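**Q** Here is the input, now give the coordinates:
(one chain, ligands or ions: 4)
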Amino acid sequence: MPQHIKRLISAFAVVILLFLVMQQVLTPKSFGKSGHYRADAIPENKLKELHYAGSAMCTKCHEDMQTDKAVGFHAQLQCEVCHGPGLKHARYADRFKGKDLPDSLLLHKPDQRQDCAVCHQLNAARIKIVFDTINQSMIHQVNTLKHNPIDKKTKEVLRCIECHNPHQP
Ligand code: HEC
Ligand code: HEC
Ligand code: HEC
Ligand code: HEC
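**A** Ligands and ions are numbered 1, 2, ... in the order given. Below is the predicted model of the structure:
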């Protein structure tokens, strides 16, 4: 065999050996046990703390809000989209019925203009759907710089929820 072929073969052998050694060292122990993934990832993820309760749980104590919301434009929104993760609140709020909730159980109340603008601010990049002859966004957008009614007395820009009920806008 010519010399240069021998050198090439030994170079390949070294690379393959290195690959096999690295594979042994670097592959996590549980890899491949139940498929082409790390089996330990499942119990590890199960141990993670939960943060969201889901709207069904909120409805158990706040049926009036759900009834309100179910017939309006916001029917499809989950409570926690606006109020933030609420599992702790949902589990323990009952103990404080009629009293003030401790800070740790209070939820976000998205009552500022920018809270609504997250979804409703005019944004040229949002997907449009064509509907009759009008090009319309999936979520009705308003230019919050123009749709900003001012209180005649105080001269302040009104917050959205002073005109729109957030649960039934
Ligand atoms: C076990 C009953 C219970 C569940 C479940 C529950 N809540 Fe409450 N919630 C309460 C109580 C009690 C209060 C205190 C005020 C009151 O009596 O209405 C409250 C108050 C609130 C308030 C106003 C006070 C604040 O935190 O700013 C919001 C908003 C709220 N809940 C949203 C939610 C959402 C969203 C969920 C679902 C993730 C939820 N709640 C699940 C019992 C519950
Ligand atoms: C579009 C965002 C949005 C969604 C979705 C939403 N909320 Fe609210 N919610 C608000 C805002 C804003 C307020 C504050 C209203 C205010 O201060 O007048 C509020 C207030 C509340 C309050 C306190 C009422 C009070 O009188 O203090 C409760 C309880 C509540 N929401 C529960 C829910 C529940 C339960 C759901 C799901 C069924 C839900 N919300 C979905 C925006 C939302
Ligand atoms: C998580 C996104 C989201 C947030 C936050 C949100 N909305 Fe909406 N809103 C929607 C969707 C989705 C609809 C239903 C589609 C539509 O009609 O535009 C809607 C519909 C509406 C409509 C009816 C529009 C129409 O078709 O005539 C109004 C008014 C409205 N929202 C006001 C508000 C106000 C006020 C707030 C703040 C308290 C708010 N929204 C917060 C997603 C959101
Ligand atoms: C002074 C009361 C008032 C305030 C404050 C107000 N709106 Fe409105 N909004 C209205 C009225 C009235 C209409 C319906 C009139 C129309 O269709 O032009 C409307 C319509 C809308 C619509 C539907 C537009 C459409 O395409 O049909 C959306 C979305 C909306 N408002 C979101 C908001 C948001 C977000 C805020 C806060 C940044 C806000 N509004 C503040 C009174 C108000």
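**Q** From here on, just use CA atoms for contacts and neighbour counts.
**A** Noted.
**Q** Report how many residues lie close to His108.
**A** Residues contacting His108 under the criterion other Cα atoms under 10 Å number 12.
**Q** Per-residue pLDDT of the nearest residue to it once chain neighbours are set aside, please?
**A** Nearest residue to His108, sequence neighbours excluded (Cα to Cα, 6 or more residues apart in numbering): His83, at 4.9 Å. For His83, the pLDDT comes out at 96.
**Q** could you list every residue that touches His83?
**A** Counting by Cα atoms under 8 Å, 6 or more residues apart in numbering, His83 touches Leu107, His108, Lys109, Pro110.
**Q** Sticking with the first one, tell me its helix or strand.
**A** By that I understand Leu107. Under the criterion DSSP states H and E, no helix or strand holds Leu107.
**Q** Check the gap between Ile161 and Lys69 for me.
**A** 14 Å (Cα to Cα, to the nearest Å).
**Q** Run through the residues of the chain sitting next to ligand 4.
**A** 113, 116-117, 120, 140-142, 144, 148-149, 158-160, 162-163 (Cα under 6 Å from any ligand atom).
**Q** Please indicate which of the residues you listed are buried?
**A** Arg113, Cys116, Ala117, His120, Gln141, Thr144, Leu158, Arg159, Cys160 (16 or more other Cα atoms under 10 Å).
**Q** how about those, which pair is most distant?
**A** Largest separation among these by Cα to Cα: Gln141 and Leu158, giving 17.5 Å.
**Q** pLDDT at His140, what is it?
**A** Per-residue pLDDT puts His140 at 82.
**Q** scratch that, Asn135
**A** Asn135 is given a pLDDT of 51.
**Q** what secondary structure does Asp115 sit in?
**A** Of the three states, Asp115 takes helix under DSSP: H, G, I helix; E, B strand; the rest coil.
**Q** tell me the domain boundaries of this protein?
**A** Under automatic domain parsing, the residue ranges defining each domain of the chain are 41-108, 110-169.
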